[in-house]
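Participant: kindly return the folded structure for what I paste below:
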Amino acid sequence: MSESKDARAERLKAALRENLRRRKAQGRGRAETGPVPDADEHAPDETDSHGPDSDKSGL
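Facilitator: Just a heads-up that it's a prediction; the model follows:
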């Protein structure tokens, strides 16, 4: 039983190490491209009357 737990622990360590390596590379790639724009900049205005919640009656 101990051998199977050790093997599982080794697999988990390897998977976590690979995940960390991937995330670091991804973070470096994002840093090279510049800052991520805020979501608010691309959100539609509240005065936009073309959305599904707009009042179609024109009142």
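
Participant: run through the helices of this structure in chain order.
Facilitator: Ranges of helices within the chain are 2-33, based on DSSP state H.

Participant: where does pLDDT dip in it?
Facilitator: Residue ranges of the chain with pLDDT under 70: 1, 34-59.

Participant: for Leu16, see how far away Ala7 is.
Facilitator: Look at Ala7 and Leu16: by Cβ to Cβ, to the nearest Å, they are 15 Å apart. For glycine as for every other residue, the C-beta is placed from the backbone atoms N, C-alpha and C.

Participant: same thing with Gln26?
Facilitator: In terms of Cβ to Cβ, Gln26 sits 15 Å off from Leu16.

Participant: burial count for Glu32?
Facilitator: 7 (other Cβ atoms under 10 Å).

Participant: whoops, Glu10 was the one
Facilitator: So Glu10, with other Cβ under 10 Å, has 10 neighbours.

Participant: check the one 4 residues further on too.
Facilitator: Other residues near Ala14 number 10, with proximity taken as other Cβ under 10 Å.

Participant: what sits against it?
Facilitator: Applying Cβ atoms under 8 Å, 6 or more residues apart in numbering to Ala14 gives no contacts.

Participant: report the separation between it and Gly29.
Facilitator: For Ala14, the distance to Gly29 - Cβ to Cβ - is 23 Å.

Participant: then Glu10?
Facilitator: 29 Å.

Participant: ok, Arg23 next?
Facilitator: 11 Å.

Participant: now swap in Lys13 and tell me
Facilitator: 25 Å.

Participant: same check, this time on Lys5
Facilitator: The separation that Lys5 has from Gly29, given Cβ to Cβ, amounts to 36 Å.

Participant: with Asn19 instead?
Facilitator: To Gly29, Asn19 is 16 Å away according to Cβ to Cβ.
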